[in-house]
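J.: just the structure for this:
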Amino acid sequence: MDRTGITAVSLAIAVLIGWMFWNNQEMTKAAEQQARAKAAVAAVAAEAKAAEPIVGTPAEVPPAPAVPTEPAAVETREALSSLTVDYTFSSLGGGIATAKLKTHEAERGQRMSLNEFGSIPIGAITDAAGEGARVPFEMKVEGDSVTFERTDARQLHLSKKFDVTKTEDLQGNYFVNLEVTFTNRGAQPLTLPGYFIHTGSAAPVHQTDLATYTGFMEAGGKFIDASYFDSGWFHPERPIYTAARPGIAWAGVANQYFTTLVTAQRTTPQTGTLSTQPGNSAWAKRFVVSDAAWKETGRSAEGSSAARYAVDGALGMSAFTLEPGGGFTQSFRIYTGPREYGRLRVLSEDQADIMDFGIFGIVSKVLLNTMNWLHGKFDPFFPRGSYALAIIVLTLIIKSLLWPMQNKATLSMKRMQILQPKMTELREKYKDDPTRMNTEVMKLYKDYGVNPLSGCLPMLVQIPIFFGFFTMLGKAVELRNSKFLWVDDLSLPDTIAQIPGLGWPVNILPLVMAGTMLWQMALSPKSGDPMQQRMMMFMPLIFIAFCYNYASALALYWTVQNLFSVVQLYATRNQAAPTLQKVTPPPKKK
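T.: Residues are numbered from 1 along each chain as shown. Prediction:
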């Protein structure tokens, strides 16, 4: 390796070490932020404790106030189940306290529970977002329905009826239907400036989950992850997220693999009745999940010192006026289940947008649908590794389709290799005149019909595929708990140990992937362009940075494609060397 190559590799290693150091610093900052949050909670608790009356002898105790205090509302809970979810309803807030999924695990055999750390029930209705949600309701259970009723000081009567569906089709599974009725029991017209229906909260599934996995989204908006609320270079810390525009059909919170969606139903109004409309605003706020609450659920707190953030959300609805004795009914559908594209795409209001596949969304959807189809074919025969086998076969299909392009690129790189002596002569001849040297080199390429970038073309074509896989595999709930060889879960890094003293995980597949990339580079014909060679030296480190702490399925995909490329290179290395001939320029038009 020449001096330039050594410098490039050294720089790449320095960048990787710097990135690891920066990542460790960021985790430390997050831990300090979590500590500050805990300290703030402790301070509030201390102030409340200090405000309590001092217990002592009768002479020391101040006299009790004459005004009687209102007793605290007592919470009542009721449980109803569908085929896929166990719902717990609460009388405080009149909504779904938790939704525990029957067929999905969180950690250590514990079932996945939605809104597990939130204090605001799913379906709670308030005048202001996030405020006054836990007011008492009268609760009545009849069959598969729960009804909540309450009349406030304005003589506004609120009735909420939750119907738990028990159908097996995609349109009914994981759904609860909610009918909300407002009635004016007063003697005067009553105008409501709007109200908010809450989505509950979403929290990380694992301690090591990235903050970007958990967040909030409304119809037509962007996914607002937990890091949105952090301070940045151009803005201070954001306490809340708000959006206001007409026609917001739904809002939802999500973590990496599960989501809660609240959709306002559109109906055709009858004569003399108010029209039901979609929402016109959205609201979200994050909060810290304490260590005690986290460990109480049976989850592991090992692997990261970063703060755990959950996100609450709400959908804002339009204002309306009720005459005395008048009423208004709005219907909603509540989805509490996996963030599964195949299930969400059949819904009518583009709820599948909560998948947030990004700019390569079309590629991600094609890859996901193909992977699931292949899994369906392999699962009856290889139930343990069917998803891994589907990824391998999908990779082989993609590489086979790209074979002609790869073969042409390899041939072009061999022609560049043959041209190398002539290029060396030109560089030596014009080493004191870089402009002239570049002009002559480009003229040499043109004379012999060689494209110096043709060797990079297969890599450029694979970039959308790689990032399509990158996004898809990080959100494919189907991969959870899918095993392959030593990998226990393809949706997580394949960590086998931690480096003592540093806490860095040892993940095998990304290292194997880097090794296969170096193998491929060693077999590839060397291009005559030094810049291109130096750029390729960085690729293994760049891909390790992308894949190291990501879903192991991504490293599996890239490892397989590298091995296929190695096979291609061995198959073409014995082909006859191409001959270099000057290209005859086309005759000039007269």
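J.: which SS class is the nearest residue to Glu218 once chain neighbours are set aside?
T.: Distances taken as CB to CB, 6 or more residues apart in numbering place Ala282 nearest to Glu218, at 3.8 Å, with adjacent residues excluded. Where you see a C-beta, it was placed from the backbone N, CA and C, and this is true even at glycine. Following DSSP: H, G, I helix; E, B strand; the rest coil, Ala282 is assigned to strand.
J.: what pLDDT does the model give Ala282?
T.: Looking at Ala282, its pLDDT reads 96.
J.: can you name every helix or strand that the host helix or strand of Lys102 contacts?
T.: Assigned by DSSP states H and E, Lys102 belongs to strand 95-105. The elements that strand 95-105 packs onto, with contact taken as 3 or more CB pairs under 8 Å, 6 or more residues apart in numbering; DSSP states H and E, are strand 85-90, strand 111-114, strand 156-164, strand 195-202, strand 258-264, strand 327-338.
J.: with distance to Phe382, mean pLDDT and mean neighbour count added, can I get these in a markdown table?
T.: Converted to a markdown table, these look like this (distance: least, CB to CB, whole Å; pLDDT from 0 to 100; neighbours: other CB atoms under 10 Å):
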| stretch | distance to Phe382 | mean pLDDT | mean neighbour count |
| --- | --- | --- | --- |
| strand 85-90 | 30 | 95 | 21 |
| strand 111-114 | 26 | 93 | 21 |
| strand 156-164 | 36 | 95 | 19 |
| strand 195-202 | 33 | 96 | 28 |
| strand 258-264 | 27 | 95 | 26 |
| strand 327-338 | 23 | 93 | 21 |
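J.: can you list those strands in TSV and add distance to Ile359?
T.: Formatted as TSV, those follow (distance: least, CB to CB, whole Å):
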stretch	distance to Ile359
strand 85-90	33
strand 111-114	29
strand 156-164	38
strand 195-202	24
strand 258-264	21
strand 327-338	24
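J.: how far away is the most centrally placed residue in the chain from Ser482?
T.: With distances taken as CA atoms, centre = their mean, the residue of the chain nearest its centroid is Tyr213 (3.6 Å). Distance, Tyr213 to Ser482, by CB to CB, to the nearest Å: 18 Å.
J.: picking up where we left off before, and the strand holding Lys102, how far out from the chain middle?
T.: In terms of CA atoms, centre = their mean, to the nearest Å, the centre of strand 95-105 is found 20 Å from the chain centre.
J.: and that strand, what's its mean pLDDT?
T.: Strand 95-105 shows a mean pLDDT of 93 in the predicted model.
J.: got the angle for it vs strand 85-90?
T.: Note on geometry: by axes from the mean of the first three to the mean of the last three CA atoms, to 10 degrees, strand 95-105 and strand 85-90 are set 160 degrees apart in direction.
J.: identify the residues contacting strand 95-105?
T.: Residues outside strand 95-105 that contact it (CB atoms under 8 Å, 6 or more residues apart in numbering) are 77, 83-90, 111-116, 120-124, 148, 160, 162, 176, 198, 200, 257-258, 260, 334, 336-338, 477, 480-481.
J.: next helix or strand past the lowest-mean-pLDDT helix or strand in the chain?
T.: Within the chain, no helix or strand scores below helix 3-50, which has a mean of 46 by mean pLDDT, DSSP states H and E. The first helix or strand that comes after helix 3-50 along the chain, using DSSP H and E, is strand 77-81.
J.: buried stuff in that following strand?
T.: By 16 or more other CB atoms under 10 Å, the buried positions in strand 77-81 come out as Leu80.
J.: what about the helices in the stretch 351-500 of the chain?
T.: 361-378, 386-401, 403-418, 420-429, 434-448, 457-473 (DSSP state H, counting those that start in this stretch).
J.: worst average pLDDT in the ones you listed?
T.: Among the helices of the stretch 351-500 of the chain, helix 403-418 carries the lowest mean pLDDT, at a mean of 72.
J.: pull out the buried residues from that one.
T.: Quick answer for helix 403-418 (16+ other CB under 10 Å): 406, 409-418.
J.: just the CA atoms of stretch 378-388, as PDB, please.
T.: The C-alpha coordinates for stretch 378-388 follow below in PDB (Å, rounded to 0.1, in the frame of the first residue of the first chain):
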ATOM      1  CA  PHE A 378     -40.300 -21.000   3.500                       C
ATOM      2  CA  ASP A 379     -42.000 -21.000   6.900                       C
ATOM      3  CA  PRO A 380     -43.700 -24.400   6.600                       C
ATOM      4  CA  PHE A 381     -40.400 -26.100   6.000                       C
ATOM      5  CA  PHE A 382     -37.900 -23.900   8.000                       C
ATOM      6  CA  PRO A 383     -39.900 -22.300  10.800                       C
ATOM      7  CA  ARG A 384     -36.800 -21.300  12.900                       C
ATOM      8  CA  GLY A 385     -34.900 -19.500  10.200                       C
ATOM      9  CA  SER A 386     -37.600 -18.700   7.600                       C
ATOM     10  CA  TYR A 387     -37.100 -14.900   7.700                       C
ATOM     11  CA  ALA A 388     -33.300 -15.200   7.500                       C
END
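J.: kindly report the domain assignment for the chain.
T.: The chain is divided into the following domains under automatic domain parsing: 77-356, 373-572.
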